[in-house]
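Student: Below is the structure, and that's it, no one-letter string:
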């Protein structure tokens, strides 16, 4: 039986379109769609169990995978099977999760899984830009309790013109790479990198993407209507008790407000809030707590949130006593670790990051091997968030998705300021040692200083700040918070991180929790963030005003030389013998890559000792040495022969040539040692290839004054002619 297929098409302009199709694949899933643009196809399926779990959060899993068969490739590695997700796949999962999660009801706790798979790849289509659309479209076909359709779109700008879902080639020329997630009514998520753009330009890019997203949301609704929208499933709602909620609120609000207004450190404040909570619980009997204990805790958290928000909106004061635009105290230090290539400490309030920089060759580049993208990164940043940084003890099970996402944000913030001609592969590692509010922005700041300490010639220093928003739709009041605390992150309406130089924004990440946030508020928040960034930037440049002029004495120096491809083989030697011995003798690391554009070899020389680097350069010069006809060169005798001396060019050790006995002197020379000896240094003139012998010819005598009365000897006939003539004259009669 041929399945009935339902399809909607979205016009992107420029002849490009996106289609959403359902009814053909994965029909046992609660919702499934195939989203296609060009030859790129994503299959998305969604399933949510009907049993509610006894949890206080939504157990939602968003999984995005790229199949290597989609690009006609085999997976790397021994087993030839897709394994754990790459960082690129994890980043796409996070982008989709951050938009979907807030739209499920807070009391919905069923195990829910969204699976998105790249089934066919197109070199001109970036699949991650369609993942959010695919996820939402599949959910619209299901019976999940989900607030509204959403979508995501990437926006770029080439030659001043905005582009929705640019190709890889267009993105390479773009000064903006932003992913925006939104519903038809509200922007919910923004993440991306920019080339020092202004706050107004960033807002315009968001508006442009939102208009495209509105069209994509409408297409999903049309598809769901044509397919037959299912009735929203029923699920057991959480218990509620309005009287209990009011009782807990009345008992907690004023006390929380007073503690919040007093302004205190994180641990002191947390202990005080816990004490209030325990006091409230003590007013209930054991039987009541057994029955209502979960609700008491829930209503206490609501009262605490309300009191802290009201304090900020009414009095402009925050939990730690700061004003809304005030930055916590900052102290910085560079060159803290004695053995690393570059290091720094950045401490802002109760958040601290220690960054290190390691310099290497192209062999140390981070390899990207995904079906949708292949290549390497010569600058990359890793972010580590151990449990002790928040005073916790918990298992460590590999790198978390959060660590991948925060590291990527900091990397995007800094990479545009690393010069294109930086000869090194640069790895930055941020170790978060304390955390109470935006360790990712602390990573940007510490990373900037560590790079400058390492002698990486950054174009401009970069700083970052985390901002928050508390708003009240009824009163119209709102407060933008600079340099938010961890608590303010949870209770606020927006969490956004902005990084940049003194001249503009380089990266951002926003999660907007309030519906219908006006662009006016967004612009004001971005401008306040700029003031905060510049304040922090001043602290960084007070600590280290400019990049160090050179790398540290114990750090490797990098020298790059280009050689014609014809000399690469001579540099490497048979089986790599020449280059291996050279590395061993000089204590350097030598990497040779071929440049397909210029058809040259790029030789990278990495070493801590200048003497060793100079020796490698001398070897390169020696390999590439080509004497010019008519030029004079200084040579040294390295071997004595009966018919001449083997000499080595002093400017190119290893390059040898035979100085024939006839070219030693104008006088007839019977013994080579009569004129030169081992180790003698003198000048010779180069004549190029001898037409008769087809060997290179050099002459010592050509530089000597010809003796008075010297008569040039007639050239000798060759031995064969002489032999033939003698035979003709002296041959005896043949005996028959």
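Tutor: Now that the structure is in, tell me what you want to look at. Being a predicted model, the structure only gives us computed values, none of them experimental.
Student: buried sites along the helix or strand that contains residue 312?
Tutor: According to DSSP states H and E, residue 312 maps onto helix 286-315. Within helix 286-315, the residues that count as buried by 16 or more other CB atoms under 10 Å are 289, 292, 295-301, 303-304, 306-313. All C-beta spots, glycine's among them, are computed from the backbone N, C-alpha and C.
Student: Please pull up the helix or strand immediately following that helix.
Tutor: Next along the chain from helix 286-315, counting by DSSP H and E, comes strand 330-334.
Student: partners of that next one, with directions?
Tutor: strand 342-348 (antiparallel) (DSSP bridges).
Student: Mind checking the pLDDT average for the strand it pairs with?
Tutor: Strand 342-348 comes out with an average pLDDT of 96.
Student: Now the element after that strand, going C-ward?
Tutor: strand 351-360.
Student: Around residue 110, how many other residues sit close by?
Tutor: 20 (other CB atoms under 10 Å).
Student: make that residue 680, sorry
Tutor: 12.
Student: Let me see the contact set for it.
Tutor: 636-637 (CB atoms under 8 Å, 6 or more residues apart in numbering).
Student: got a pLDDT number for it?
Tutor: 90.
Student: Same check on residue 721?
Tutor: Per the predicted model, pLDDT is 46 at residue 721.
Student: now residue 703
Tutor: At residue 703, pLDDT is 88.
Student: ditto for the one 10 residues further on
Tutor: According to the per-residue confidence, residue 713 scores 65 in pLDDT.
Student: now swap in the one 4 residues further on and tell me
Tutor: On the pLDDT scale, residue 717 is placed at 53.
Student: do the same with the one 10 residues further on
Tutor: Taken from the predicted model, the pLDDT recorded for residue 727 is 46.
Student: Got phi/psi on the residue nearest to residue 227 when sequence neighbours are not counted?
Tutor: Nearest residue to residue 227, sequence neighbours excluded (CB to CB, 6 or more residues apart in numbering): residue 6, at 4.8 Å. Main-chain dihedrals, residue 6, degrees, to the nearest 10: phi -110, psi 140.
Student: residue contacts, residue 6?
Tutor: Counting by CB under 8 Å, 6+ apart, residue 6 has contacts 21-23, 223, 226-227.
Student: Which of those fall within strands?
Tutor: 21-22 (DSSP state E).
Student: Show me which of the contacts of residue 6 are buried.
Tutor: Looks like those have 21-23, 223, 227 buried, using 16+ other CB under 10 Å.
Student: Kindly present the residues you listed as JSON lines, with separate columns for distance to residue 443.
Tutor: Below are those laid out as JSON lines (distance: CB to CB, whole Å):
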{"residue": "21", "distance to residue 443": "42"}
{"residue": "22", "distance to residue 443": "42"}
{"residue": "23", "distance to residue 443": "46"}
{"residue": "223", "distance to residue 443": "42"}
{"residue": "227", "distance to residue 443": "45"}
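Student: Let me know the closest of those residues to residue 168.
Tutor: residue 21 (24.5 Å; CB to CB).
Student: who's the closest one bridged to?
Tutor: residue 7, residue 34.
Student: That one touches residue 5, doesn't it?
Tutor: Yes - look at residue 21 against residue 5 with CB atoms under 8 Å: they come within range, at 6.0 Å.
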